[in-house]
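[1] no letters, just coordinates:
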């Protein structure tokens, strides 16, 4: 089990290869994106100079996903980001984006807290299945993104989820929801 409290250290060699210091193997940008999706913070440093390259590589990961047609950021937002970098004034955009993602992460946490055992519905038959479905649904809706500080720790060696697994998860949710609805209708 890895220590998820500290960032996963990735070293970039002169050959531009990226080296995972925890597993002692080379990784790709897709691997790093997977670690981040799993809730792990990463730090990428140049082996020779010691420079922190994390921002550069995170931006590269975003650019690659956008270029594959996996658009997340609307063109208007991208234009605003470019404008914020090009003006000489101090921009509020970085702080706004940070606050927005903090709110998203907090909202996700509150939904899960509301599903906790303190909820009077927790004693209802099938509640655990419904809670599991909600967790899978939130993961599917956010692409597994939990963020750094507020996210859940997971194994850094977990494999990247394939689209077919997501479809299977959604089918399982639908099936479980149907079963839960049947059980609730029988209780009436």
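    Alright, I've got the coordinates. Computed from a predicted structure; not experimentally measured.
[2] low-confidence stretches in the protein?
    For the chain, residues meeting the criterion pLDDT under 70 lie at 1-4, 88-91, 109, 111-125, 127, 130, 135-167, 169, 184-185, 187-188.
[3] ok, 80 please
    Along the chain, the parts satisfying pLDDT under 80 run over 1-5, 70-73, 80-81, 83-98, 101, 104-188.
[4] burial check on residue 94, number of neighbours?
    As a burial measure, residue 94 scores 12 neighbours (other CB atoms under 10 Å). Where C-beta positions appear, they are placed from N, C-alpha and C, glycine not excepted.
[5] skip the chain neighbours and tell me the closest residue to it.
    Distance criterion CB to CB, 6 or more residues apart in numbering; nearest residue to residue 94, sequence neighbours excluded, is residue 84 at 7.7 Å.
[6] what helix or strand is the one you found on?
    In this structure, residue 84 is located in helix 75-86 according to DSSP states H and E.
[7] list the buried residues in that helix.
    residue 84 (16 or more other CB atoms under 10 Å).
[8] which other helices and strands contact the helix or strand just after it?
    Using DSSP H and E, the helix or strand that follows helix 75-86 in sequence is helix 93-114. Packing partners of helix 93-114 (3 or more CB pairs under 8 Å, 6 or more residues apart in numbering; DSSP states H and E): helix 75-86, helix 127-141.
[9] run the last query once more with 6 Å
    With contacts defined as 3 or more CB pairs under 6 Å, 6 or more residues apart in numbering; DSSP states H and E, helix 93-114 has no helix or strand neighbours.
[10] distance of residue 61 from residue 77?
    Plainly put, residue 61 is 17 Å away from residue 77 if you go by CB to CB, to the nearest Å.
[11] ugh, wrong one, I meant residue 50
    Relative to residue 77, and taking CB to CB, residue 50 is found at 33 Å.
[12] cool, and residue 53?
    For residue 53, the distance to residue 77 - CB to CB - is 24 Å.
[13] what's the answer for residue 41, then?
    Taking CB to CB, one finds residue 41 at 24 Å from residue 77.
[14] Three-state assignment for residue 178, please.
    helix (DSSP: H, G, I helix; E, B strand; the rest coil).
[15] next, count neighbours for it.
    10.
[16] adjust the sequence numbering to begin at 551 for everything that follows.
    Got it, the first residue is 551 from now on, which makes the last one we talked about residue 728.
[17] could you pull up the residues touching it?
    By CB atoms under 6 Å, 6 or more residues apart in numbering, residue 728 lies in contact with nothing.
[18] related to what we said a few turns ago, isn't the residue nearest to residue 644 right up against residue 643?
    Yes - Residue 634 is in contact with residue 643 according to CB atoms under 6 Å; the separation is 4.0 Å.
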